[in-house]
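[1] here is a sequence together with a model predicted from it:
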Amino acid sequence: MVFICGDNMKTYSAVVEIKMSEDKIKEIESWGEDITPTTYIDSVIGDHAKDRGLIIKLETIEVLEPVFNRLVENQIHLANQDAIDDLEEEILSGKACVNGNCED
């Protein structure tokens, strides 16, 4: 589920682990072919966020083993790498130099 956002917005990343009982899965699957546990989760989270004015990009998949801790580690690594890349670009483009002049 993807909602398009404007330029003047901050972006946040959330990692969520969801557990669902077998009874709930069977109930959802009994509703029809067009809804699955993953589409149900997407709908619940997406609709809730949209109703509160949030713009959300969401991907839900079923996993055999919990991956929450690994996803959080990757999320932190990627955020740190983006910050380093931004700082590197700032230095290389001269934006962080006095009067725009950098000396080696």
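    Yes, it's here.

[2] for the residue nearest to the spatial centre of the chain, what are phi and psi?
    Centroid-nearest residue in the chain, with C-alpha atoms, centre = their mean: residue 13, separated by 4.2 Å. Recorded main-chain torsions at residue 13 are phi -120, psi 130, according to degrees, to the nearest 10.

[3] surely it touches residue 76?
    No. Residue 13 sits out of contact with residue 76 when judged by C-beta atoms under 8 Å, with a separation of 9.8 Å. To be clear about C-beta, it is placed using only N, CA and C from the backbone, and glycine gets the same treatment.

[4] who touches the residue nearest to the centre of the chain in this structure?
    Contacts for residue 13 (C-beta atoms under 8 Å, 6 or more residues apart in numbering) come out as 75, 79.

[5] all strands for this protein, in order.
    Shown for the chain, no strands are assigned by DSSP state E.

[6] where does it dip in pLDDT?
    Applying pLDDT under 70 to the chain flags residues 1-7, 94-104.

[7] quick one, longest helix in it?
    Using DSSP state H, we find that the single longest helix of the chain is helix 68-92.

[8] just the helices in the chain please.
    22-29, 37-51, 68-92.

[9] most tightly surrounded among these?
    When those are scored by mean count of other C-beta atoms under 10 Å, the highest mean neighbour count falls to helix 37-51 (a mean of 15).
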